[in-house]
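Novice: Predicted model follows, preceded by the sequence.
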Amino acid sequence: ANLASLTFLAEDGAHSILMTGDGDSAEILAGLRAQNKLDGNGQIHVTVLKVQHHGAEANVTREFVDAVTADHYIFCGNGNHHNPEIVVVEAMARARMAKMPDREFKFWFTSSSSYPGLTADFREHMRKVEKIVDDLVEESGGLMKKEFMEDGFYFDIL
């Protein structure tokens with residue numbers, strides 16, 4: 001069923017958004033390659049990346065993390081199935097810091113440990129995500145910003 005997920009790249013002047021749905025890295029990169037959206041190094045930078053499959057490690061490969069960078073990363077997970085997975089959050093942040101060490105970026109999360117209605121397990125996972133993100137923000141020297149949704153409404157990114 002996840003292979004039927006909609007993935008698309010929308011571009012408007014200087015802004016772009018890559019919506020990955022529940023796709024996996026190989027399929028997303030193949031689509032970008034087929035549409036000649038990757039540069040000569042096999043990379044693309046977008047304004048907004050909606051991280052695929054709630055930040056599940058099974059859907060995010062090292063190749064994808066190295067190929068796709070963004071100014072804003074959106075993680076749509078609330079701790080269910082341990083998503084977003086800490087290894088994905090950390091890999092994306094570290095790759096972004098290494099590739100663009102002088103340019104600010106922001107991670108957006110559609111949940112937090114204080115989000116209403118979470119189970120105890122989901123809440124505990126989100127605490128762990130918040131902790132690693134806090135550590136990454138500090139490590140970035142101010143380049144990385146963060147936003148955890150508290151009330152379940154919406155983000156104002158641009």
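Specialist: Thanks, I have the structure now. Residues are numbered from 1 along each chain as shown.
Novice: And the strands in this structure, which stretches?
Specialist: Along the chain, the segments classed as strands by DSSP state E run 8-12, 15-19, 44-50, 68-75, 105-109, 144-148.
Novice: Reformat those strands as a markdown table; add distance to residue 136 and mean pLDDT.
Specialist: In this view, the C-beta of every residue, glycine as well, is placed from N, C-alpha and C. Below are the strands of the chain laid out as a markdown table (distance: least, CB to CB, whole Å; pLDDT from 0 to 100):
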| stretch | distance to residue 136 | mean pLDDT |
| --- | --- | --- |
| strand 8-12 | 26 | 96 |
| strand 15-19 | 21 | 97 |
| strand 44-50 | 16 | 98 |
| strand 68-75 | 11 | 97 |
| strand 105-109 | 8 | 97 |
| strand 144-148 | 6 | 96 |
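Novice: Make TSV from those strands and add distance to residue 117 and mean neighbour count to it.
Specialist: As requested, the strands of the chain are arranged in TSV below (distance: least, CB to CB, whole Å; neighbours: other CB atoms under 10 Å):
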stretch	distance to residue 117	mean neighbour count
strand 8-12	30	12
strand 15-19	25	18
strand 44-50	22	20
strand 68-75	18	22
strand 105-109	16	21
strand 144-148	15	17
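Novice: Now tabulate those strands in JSON lines and tack on distance to residue 132.
Specialist: Compiled in JSON lines, those are given as follows (distance: least, CB to CB, whole Å):
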{"stretch": "strand 8-12", "distance to residue 132": "28"}
{"stretch": "strand 15-19", "distance to residue 132": "23"}
{"stretch": "strand 44-50", "distance to residue 132": "18"}
{"stretch": "strand 68-75", "distance to residue 132": "12"}
{"stretch": "strand 105-109", "distance to residue 132": "10"}
{"stretch": "strand 144-148", "distance to residue 132": "11"}
